[in-house]
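Peer 1: here is my input, please return the structure:
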Amino acid sequence: MSATPAEFAPPATPAGKAADYLDQRLGIANAAKRQLRKIFPDHWSFMLGEIALYSFIILLLSGIFLTLFFTPSMNEVTYNGSYTPLDGIRMSEAYASTINISFDVRGGLLMRQIHHWAALIFVMAITVHMLRIFFTGAFRKPREINWLIGFGLFVCALLEGFAGYSLPDDLLSGTGLRIAEGVILSIPIVGTYVSFFLFGGEFPGHDLVPRLFTIHILLVPGILLALITAHLILVFYQKHTQWAGPGRTEENVVGLPFLPVYTAKAGGFFFVIFGFTAFLGGLVSINPIWSYGPYIPNQISAGSQPDWYIGFLEGSLRMMPNVEFNFWGHTLSLNVLIPSLIVPGILFTGLALYPFIEAWVTGDKREHHILDRPRNVPTRTAIGVAGATFYGVLWLVGGNDLIATHFHLSLEQITWFGRFAVFLGPAFAFWLTRRICFGLQRADRDKVLHGRESGIIVRAPSGEFSEIHEPVSQGDLHKLTAHDVHRPLSLTEVADSNGVPAPRMRQAKLRARVTKWYFGERVEKPTAEEYHDAISSGHH
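Peer 2: Numbers count the residues shown, from 1 in each chain. Alright, predicted model coming up:
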């Protein structure tokens, strides 16, 4: 009887036996081998999404711990715990249990602060990750759906953060809920019904904390898990984007295999994120609810501020003038409705639909796996910076009271400054960003044609001084010239031979005007002839 070839020998290790057992029943070997050897490009900017993923895992782990000790009830109790300044104070069970977690549960305060810091890092990482995707054009075909999934993750993260922030029922979070109730009541016709349904009656009611608890630990985390899973599946299926470089095309991916290189690096990075979050949780105090006291509806704390990701809504409310209308016995509070619902609604809708808007403007139906350098798409980059400026002004005015008290400024002057800056700031940022992008493109063009400055100064026999330029490397040359130069659309057919206008002509004219604004000013790439002429003329 012939010996069994080595490649067909039964596995000897426990792991190998387990894998062989599953493969014989599920047939997963080939699929697992193909996916585990999948190539991922290596660049520091791709770690931003990993930070969001790892902070979410930290949130789940710390949240499970906190759930074991938190009491989601608004029933009143008298506090008799170890924090003596609150001894004998009437408070809700939710607030009392949070105080007990902070002072009576071993490691409770550390876990609370790790959980809160991880939430801030989670939202920040998603925000910066989306900005990276936006400015590099990683949302283009075939990734529009994944952009929508990421946008859904961003919105759910905001909702999850606000719900968790409100659970302790302290004076600060109660103030935020009071603002949220005012926003809901500003909705015409249905606002009062929605408020009564959410709060279980008149504010603050007795049902809100239990409902927020269910939303915070069950509903939104379930949605987040589903969206993260779908997001990662699409990343695997559609392959990862990559920066332009030698050997990198729209058809391949240059990088490292998922197993073992990428998994080893990812595992180490997870512990870096976990260690940094634990460092913050152990040494940097956050949300000291014992200093605020329990929530009492007729009280408010001075200088109250929400977490940073809700600050733009606070600023929008603070800078809006007092505009109300009364008709047919009803009050329409535009001073609340516009800044809290209409403005964020327009901003978020534009953010979600931008990939489809740009695809309509450019008419580009190709698949894109090579990222854009932001300077090479000036209008998109300028739109992004203008949006960030708009958000930043709102966020800044959200702390106008603290700015006024700390810098001894007038609260009214800060508010009026914000009212002008929220319109003028984005416009100026848009103009300045486009100018900077065009300047950088011209610098790149000059570098291709004339080489890189070497810093070596030589003197000619005639006494003239000049700097030696070195030709750029082939890798840099590829990076500087790999982008497309888009041009505006032109209308050549207005009517056929019978005088009948072309179909959808009005839409085509609108699109042509938009592309003229989007691509009207541009910097052309050096042609091959210009490059060879520069070399032959000795400009290098």
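Peer 1: so who does the residue nearest to the spatial centre of the chain touch?
Peer 2: Nearest to the geometric centre of the chain sits Thr127, at 1.8 Å (C-alpha atoms, centre = their mean). Going by C-beta atoms under 8 Å, 6 or more residues apart in numbering, Thr127 touches Phe154, Tyr309. In short, each C-beta sits where N, CA and C put it, glycine included.
Peer 1: now swap in Glu358 and tell me
Peer 2: With contact taken as C-beta under 8 Å, 6+ apart, Glu358 is in contact with Arg140, Arg380.
Peer 1: and it, backbone torsions?
Peer 2: Dihedral pair for Glu358: phi -70, psi -40, per degrees, to the nearest 10.
Peer 1: where's it relative to Asp364, distance?
Peer 2: Going from Glu358 to Asp364 by C-beta to C-beta, to the nearest Å gives 8 Å.
Peer 1: what is in contact with those two at once?
Peer 2: Counting by C-beta under 8 Å, 6+ apart, the contacts common to Glu358 and Asp364 are Arg140.
Peer 1: now the helices: where do they sit in the stretch 51-200 of the chain?
Peer 2: Here the stretch 51-200 of the chain has its helices, by DSSP state H, counting those that start in this stretch, at 93-103, 108-136, 144-166, 171-185, 191-199.
Peer 1: among those, which is nearest Gly27?
Peer 2: In terms of C-beta to C-beta, the element of those nearest to Gly27 is helix 144-166, at 28.5 Å.
Peer 1: which positions within the closest one qualify as buried?
Peer 2: Under the neighbour-count criterion of 16 or more other C-beta atoms under 10 Å, helix 144-166 has 144, 146-166 buried.
Peer 1: what are the boundaries of the helices in the stretch 251-400 of the chain?
Peer 2: Here the stretch 251-400 of the chain has its helices, by DSSP H, counting those that start in this stretch, at 263-283, 289-292, 311-319, 334-337, 343-362, 378-397, 400-407.
Peer 1: I'd like the ones you listed laid out as a markdown table, including distance to His43 and mean pLDDT.
Peer 2: Shown next, in a markdown table, are the helices of the stretch 251-400 of the chain (distance: least, C-beta to C-beta, whole Å; pLDDT from 0 to 100):
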| stretch | distance to His43 | mean pLDDT |
| --- | --- | --- |
| helix 263-283 | 12 | 92 |
| helix 289-292 | 41 | 89 |
| helix 311-319 | 30 | 91 |
| helix 334-337 | 43 | 89 |
| helix 343-362 | 21 | 92 |
| helix 378-397 | 19 | 95 |
| helix 400-407 | 38 | 90 |
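Peer 1: nearest to Pro204, out of those helices?
Peer 2: Among the helices of the stretch 251-400 of the chain, the nearest to Pro204 by C-beta to C-beta is helix 289-292 (15.4 Å).
Peer 1: how distant is that closest one from the center of its chain?
Peer 2: Remark: helix 289-292 is offset 30 Å from the chain centroid, using C-alpha atoms, centre = their mean, to the nearest Å.
Peer 1: which strands or helices does it pack on?
Peer 2: Secondary-structure packing of helix 289-292 (3 or more C-beta pairs under 8 Å, 6 or more residues apart in numbering; DSSP states H and E): helix 93-103, helix 171-185.
Peer 1: deepest-packed of those helices, please.
Peer 2: Highest mean neighbour count of the helices and strands packed on helix 289-292: helix 93-103, a mean of 23 (counted as mean count of other C-beta atoms under 10 Å).
Peer 1: so for it, what's the average pLDDT?
Peer 2: Averaging pLDDT along helix 93-103 yields 95.
Peer 1: list the contacts of it.
Peer 2: Residues from elsewhere that reach helix 93-103 (C-beta under 8 Å, 6+ apart): 66, 69-77, 79, 81-83, 86, 108-109, 111-112, 167-170, 209, 289-290, 294-295.
Peer 1: pLDDT below threshold where in the stretch 351-500 of the chain?
Peer 2: 491-500 (pLDDT under 70).
Peer 1: strands along that one, start to end?
Peer 2: All strands of the stretch 351-500 of the chain, identified by DSSP state E, counting those that start in this stretch, fall at 452-459, 465-470.
Peer 1: please convert the ones you listed to a markdown table, extending it with distance to Pro344 and mean neighbour count.
Peer 2: Shown next, in a markdown table, are the strands of the stretch 351-500 of the chain (distance: least, C-beta to C-beta, whole Å; neighbours: other C-beta atoms under 10 Å):
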| stretch | distance to Pro344 | mean neighbour count |
| --- | --- | --- |
| strand 452-459 | 46 | 10 |
| strand 465-470 | 51 | 12 |
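Peer 1: could these go into CSV alongside distance to Phe46?
Peer 2: Output for the strands of the stretch 351-500 of the chain, formatted as CSV (distance: least, C-beta to C-beta, whole Å):
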stretch, distance to Phe46
strand 452-459, 27
strand 465-470, 31
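Peer 1: how about those, which one is nearest Thr229?
Peer 2: The nearest among the strands of the stretch 351-500 of the chain, by C-beta to C-beta, is strand 452-459 at 45.9 Å.
Peer 1: partners of that closest one in the sheet?
Peer 2: strand 465-470 (antiparallel) (DSSP bridges).
Peer 1: who's in contact with the strand it pairs with?
Peer 2: If you take C-beta under 8 Å, 6+ apart as the criterion, strand 465-470 is touched by 450-460, 539-540.
Peer 1: check the gap between the residue nearest to Arg37 when sequence neighbours are not counted and Arg375 for me.
Peer 2: Once flanking residues are discounted, Arg37 sits nearest to Pro257: 5.0 Å by C-beta to C-beta, 6 or more residues apart in numbering. Taking C-beta to C-beta as the measure, Pro257 falls 32 Å from Arg375.
Peer 1: kindly report the same for Gly191.
Peer 2: Noted for Gly191: a distance of 46 Å to Arg375, by C-beta to C-beta.
Peer 1: over to Gly201?
Peer 2: Distance of Gly201 to Arg375, computed by C-beta to C-beta: 56 Å.
Peer 1: right, I'll leave it there.
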